[in-house]
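> Generate a structure from the sequence data that follows.
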Amino acid sequence: MIRKLIIVSALLGSTTAQAQICKQLPPGPARLQCAEANRPQLGAKLERCKEEAGSMGLHATKGDPALKEYVQACMHRR
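Next up is the predicted model:
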């Protein structure tokens with residue numbers, strides 16, 4: 001019984017450590033790749049939010065942060 005608890009706590013501790021490492025990375029592709037490695041569903045969620053933004057008419061244009069802001073809000077909301 002104690003052995004199982006030690007194994008479970010070690011696994012949970014390593015997951016928490018990995019998540020904190022991702023937060024320490026600067027925003028960008030490396031941070032996103034790290035987060036997707038910890039949570040595989042994150043990539044699908046990002047694509048869904050981008051598609052939703054595109055269907056609303058938001059597109060990536062230089063100097064217009066609307067797409068980025070919408071996708072970030074969508075990622076937090078769902």
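
> Which residue ranges make up the domains of this protein?
Per automatic domain parsing, the domain ranges recorded for the chain read 1-39, 41-78.

> Give me the buried positions along the last one.
Of the residues in domain 41-78, those buried by neighbour count under the rule 16 or more other CB atoms under 10 Å are 46, 49-50, 53, 58, 67, 70-71, 74. Where C-beta positions appear, they are placed from N, C-alpha and C, glycine not excepted.

> which residues of this structure fall in helices?
Counting by DSSP state H, one finds helices in the chain at the ranges 2-24, 29-38, 41-55, 66-77.

> Give me the distance from the last one to the chain's centre.
The chain centroid and the centroid of helix 66-77 are separated by 12 Å under CA atoms, centre = their mean, to the nearest Å.

> C-alpha coordinates for it, CSV please?
Extracted in CSV, the C-alpha atoms of helix 66-77 (Å, rounded to 0.1, in the frame of the first residue of the first chain):
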residue,chain,number,x,y,z
ALA,A,66,-7.7,41.0,-32.9
LEU,A,67,-7.0,37.4,-33.9
LYS,A,68,-4.4,36.9,-31.2
GLU,A,69,-6.6,38.4,-28.6
TYR,A,70,-9.6,36.3,-29.6
VAL,A,71,-7.7,33.1,-29.7
GLN,A,72,-6.2,33.8,-26.3
ALA,A,73,-9.6,34.5,-24.8
CYS,A,74,-11.0,31.4,-26.4
MET,A,75,-8.2,29.2,-25.0
HIS,A,76,-9.0,30.5,-21.5
ARG,A,77,-12.8,30.2,-21.9
